[in-house]
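# coords below, sequence missing:
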């Protein structure tokens, strides 16, 4: 049985990489990928704590399933917004989109 510390270390590492990518990248697609990486690190935490705290009850797996559904919807909406922004301006640099205009 793998100790929970290994899962937490992996999760912290993935979340840190995701935070760095979301804050430092200028491409909208890379920012979305970094957010997905952070959400996956949270999913690892859900599964790890569910496995070690209540191994017979699958609450962590249910939360992960719910977050994956929400993440899939988020990616669909996010990519639609990115495509429309790219069609309007021809650029995916986040510095160009500092305000929402009507």
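Right, received. Where do you want to start? On a predicted model such as this, the values are computed, not experimentally measured, just so you know.
# Hmm, residue 11 is touching residue 45, no?
Yes - shown here, residue 11 and residue 45 form a contact pair, counting by Cβ atoms under 8 Å, at 5.0 Å. The way it works is simple: take the backbone N, C-alpha and C, and place the C-beta from them, glycine included.
# So which helix or strand of the chain has the lowest pLDDT on average?
helix 59-89 (a mean of 91; mean pLDDT, DSSP states H and E).
# for that one, which positions count as buried?
60, 63-64, 67, 71, 78, 82 (16 or more other Cβ atoms under 10 Å).
# Distance from the chain centre to that helix, please.
9 Å (Cα atoms, centre = their mean, to the nearest Å).
# so what's residue 97 up against?
Residue 97 sits next to 28, 85 when contact means Cβ atoms under 8 Å, 6 or more residues apart in numbering.
# sorry, back to before: on contacts alone, who are the packing partners of the least confident helix or strand of the chain?
When contacts are defined as 3 or more Cβ pairs under 8 Å, 6 or more residues apart in numbering; DSSP states H and E, helix 59-89 sits against helix 28-53.
# Rounded mean pLDDT for the helix it packs on, please.
Per-residue pLDDT values over helix 28-53 give a mean of 93.
# okay, the angle between that helix and helix 59-89?
Per axes from the mean of the first three to the mean of the last three Cα atoms, to 10 degrees, the angle that helix 28-53 makes with helix 59-89 is 180 degrees.
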